[in-house]
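Participant: This is the structure alone, sequence omitted:
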């Protein structure tokens, strides 16, 4: 029996989000991506792929007034995201709909978005025995319905020239990210690593690319999440809990 949905607050905001721990809950990576990415403020439009329960689109409304589309494959997550949009009275700005990102013809206007964001499935599809028993969790974490190449290819098609694509992923996929981005006309421009503690290897990477951009990458000062007392560092807290952008 699945637990009932619950309402939480997104860090650094007064925004409510509907979640269900047995289906899906947002995590640190979604919040950091929403703080990291460039956003168009008053003109243009944004689309978030693999949107889950809608954390990234909701957070982006704190920084932008442009229309935001949110695309998610799993119906229960779509319904939770739609409920969150209504709770926050954001129906005029955020539009959540169910779709496979590989089947967006007829749903979107290609070459028209100023920003694509995505917190994608991180892991290549393992054998059946290695998949999570919870099918919904497996779909969110593993490349079952879309691969990293699918996400980058579709992002490039969605973006107008000089539009931005911002992703969060695992550092071990950074090589794949940069190769695929260039293959699909997305030039990596900004990178930021996230480390659980000082002296520990990064476990997350934020990357932003520009469609048909010029070569040249800025590597930002890394985020260090926890201090020696296992509490958030002041720098990380300012971004995660107080809503300051990178």
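Facilitator: Received it, and whenever you're ready, just let me know what you need. All values reported here derive from a predicted model rather than from experimental measurement. Numbering: from 1, shown residues only.
Participant: Strands of the chain, residue ranges please.
Facilitator: Counting by DSSP state E, the chain has strands at residues 6-9, 16-19, 46-49, 68-72, 94-98, 113-118, 159-169, 186-197, 204-211, 218-219, 223-226.
Participant: Distance of residue 203 relative to residue 54?
Facilitator: Using CB to CB, to the nearest Å, one gets 24 Å for the distance from residue 203 to residue 54. All C-beta spots, glycine's among them, are computed from the backbone N, C-alpha and C.
Participant: Give me the more crowded residue out of these two.
Facilitator: residue 54 (31 against 15; other CB atoms under 10 Å).
Participant: Give me the number of neighbouring residues for the closest residue to the more buried one other than its chain neighbours.
Facilitator: The spatial neighbour of residue 54 that comes closest, neighbours along the chain excluded (CB to CB, 6 or more residues apart in numbering), is residue 81 at 3.1 Å. As a burial measure, residue 81 scores 27 neighbours (other CB under 10 Å).
Participant: Over to residue 180?
Facilitator: Counted with other CB under 10 Å, residue 180 comes out at 21.
Participant: correct me, but it touches residue 147?
Facilitator: No: using CB atoms under 8 Å as the test, residue 180 is too far from residue 147 to be in contact (9.5 Å).
Participant: Okay, and the beta partners of the nearest residue to residue 190 once chain neighbours are set aside?
Facilitator: In space, and not counting its chain neighbours, residue 190 is closest to residue 208: 4.3 Å by CB to CB, 6+ apart. For residue 208, the beta-bridge partners under DSSP bridges are residue 166, residue 190.
Participant: Just give me the neighbour total for residue 208.
Facilitator: Neighbour number of residue 208 under other CB under 10 Å is 25.
Participant: OK, contacts around it?
Facilitator: Contact analysis of residue 208 by CB atoms under 8 Å, 6 or more residues apart in numbering lists 36-38, 164-167, 188-191.
Participant: Residue 26 too?
Facilitator: So residue 26 contacts 10, 17, 19, 52-53, 55 (CB under 8 Å, 6+ apart).
Participant: Look up how far residue 195 lies from the residue nearest to residue 54.
Facilitator: Applying CB to CB to residue 81 and residue 195 gives a distance of 30 Å.
Participant: Check the residue nearest to residue 190 and give its pLDDT.
Facilitator: Among the per-residue scores, residue 208 holds a pLDDT of 98.
Participant: Give me the distance between it and residue 192.
Facilitator: Taking CB to CB, one finds residue 208 at 9 Å from residue 192.
Participant: Distance to residue 105 for the strands of the chain - can I get that in CSV?
Facilitator: Shown next, in CSV, are the strands of the chain (distance: least, CB to CB, whole Å):
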stretch, distance to residue 105
strand 6-9, 35
strand 16-19, 30
strand 46-49, 14
strand 68-72, 13
strand 94-98, 14
strand 113-118, 15
strand 159-169, 16
strand 186-197, 20
strand 204-211, 19
strand 218-219, 35
strand 223-226, 38
